[in-house]
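> okay, here's the prediction I keep looking at, along with the sequence it came from:
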Amino acid sequence: TTRLQGKTAVITGASGGIGESTAILFARAGCNVILLARRKEALDQVAKKCQEEGGKDVKVLAKTLDVNDRDAVERLIPELKEAGFSSFDILVNNAGGAIGKEQVGAMSDIDFMLSTNLASLMQLSNVFVNEMKKADTGHIINIGSLAGREAYVGGSVYCAVKHAVKAFTNSLMKELVATGIRVSEVAPGFVETNFSVIRFRGDADAASKVYEGFTPLTAEDIAEEIVWVALRPPHVQIAELHVLPSAQGGATIIARK
Ligand code: 8X3
């Protein structure tokens, strides 16, 4: 048995990448999982894997949600209660991403990055904190980034957004210090997922160059860290955890062979 058995984790961006791996590892640890993402078919596939990993004692729900839909996020908890969930122990704000490597880029890309990575993370944090306060227990885990630790060429908007995620998460941690709610930021460096394909607008060759000549982190590496953060005893709060590939020392410091 683990401390996660019988608990419930809500994961955004659960249809792939870090979100998918995190959902699977939570289920394996005996934790009920609520998977949120836009793509229903991909989400259903992940839900199936979670059910296989978790077995019959683990409840798995795949629910379509665009984190940028403010009304849908407001309705989320009542709808999850209707679906049979009564408590929410962990929220993993994982949905997010970068679009474009050019300087700044189009306003639509700026808005998308601000909304997906930041405003929706704030709204989801707020909605779940209000619910967690009723039971005076819970854990918000926000996915930050190396891009929230340093600024780099081609990352102006994304780095700004991820710096804001770090500041928001740290403020929230301080605001909730007298409650039973823990707040953590997990901030990875290079993780090989669909992240760079989206960042390079579908250019798979450009994306794969990011991870060439060294061993990047995998989605499962970060999922292990997220589950580890959640597994700490209640009096231990991992405020922030910055995880890099061994061959990476910074955004532009990579030992490629
Ligand atoms: C993604 C990682 O280092 O490309 O958050 O900003 S990085």
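That came in fine, so what should we check first?

> show me the contacts for the spatially most central residue of the chain.
Residue closest to the average C-alpha location in the chain (C-alpha atoms, centre = their mean): residue 94, at 1.6 Å. Residues counted as contacts of residue 94 (C-beta atoms under 8 Å, 6 or more residues apart in numbering) are 11-14, 18-19, 22, 143. Yep, even glycine has a C-beta here, placed from its N, CA and C like the rest.

> just the pLDDT for it.
pLDDT for residue 94: 98.

> how close does it get to the ligand?
11 Å (C-beta to the nearest ligand atom, to the nearest Å).

> about what we covered before: name the nearest of the contacts of residue 94 relative to the ligand.
The ligand lies nearest to residue 143 out of the contacts of residue 94, by C-beta to the nearest ligand atom, at 8.2 Å.

> that closest one bridge partners, please.
Residue 143 forms beta bridges with residue 186, as assigned by DSSP bridges.

> hang on, it packs against residue 93?
Yes - contact criterion C-beta atoms under 8 Å: residue 143 and residue 93 qualify, at 6.3 Å.

> so which of the contacts of residue 94 belong to helices?
Cross-referencing these against helices under DSSP state H gives 18-19, 22.

> for the closest residue to residue 137 other than its chain neighbours, which residues are in contact?
The spatial neighbour of residue 137 that comes closest, neighbours along the chain excluded (C-beta to C-beta, 6 or more residues apart in numbering), is residue 180 at 4.2 Å. By C-beta under 8 Å, 6+ apart, the contact set of residue 180 is 135-138, 234.

> looking at these, which is nearest residue 44?
If you rank the contacts of residue 180 by distance to residue 44 using C-beta to C-beta, residue 138 comes first, at 27.1 Å.

> phi, psi of that closest one?
Residue 138 has phi and psi values of phi 160, psi 180 when expressed as degrees, to the nearest 10.

> what segments of the protein are helices?
Along the chain, counting by DSSP H, helices occupy 17-28, 40-54, 70-82, 107-114, 120-135, 156-175, 195-199, 204-210, 219-231.

> packing partners of the longest one?
Right, helix 156-175. helix 107-114, helix 120-135, strand 138-143, strand 181-188, strand 240-243 (3 or more C-beta pairs under 8 Å, 6 or more residues apart in numbering; DSSP states H and E).

> and the third one, by the same measure?
Contact analysis of helix 70-82 by 3+ C-beta pairs under 8 Å, 6+ apart lists strand 60-64, helix 120-135 as its packing neighbours.

> then the fifth one?
With contacts defined as 3+ C-beta pairs under 8 Å, 6+ apart, helix 120-135 has these neighbours: strand 8-12, helix 70-82, strand 90-93, strand 138-143, helix 156-175, strand 181-188.

> from the ones you listed, which stretch is densest packed?
Burial among the helices and strands packed on helix 120-135, expressed as mean neighbours by mean count of other C-beta atoms under 10 Å, is greatest for strand 90-93, which shows a mean of 29.

> run the chain-centre distance for that one.
7 Å (C-alpha atoms, centre = their mean, to the nearest Å).

> ok, residues contacting it?
Defining contact as C-beta under 8 Å, 6+ apart, one finds that strand 90-93 is touched by 7-12, 19, 22, 26, 31, 121, 124-125, 128, 138-143, 226, 230.
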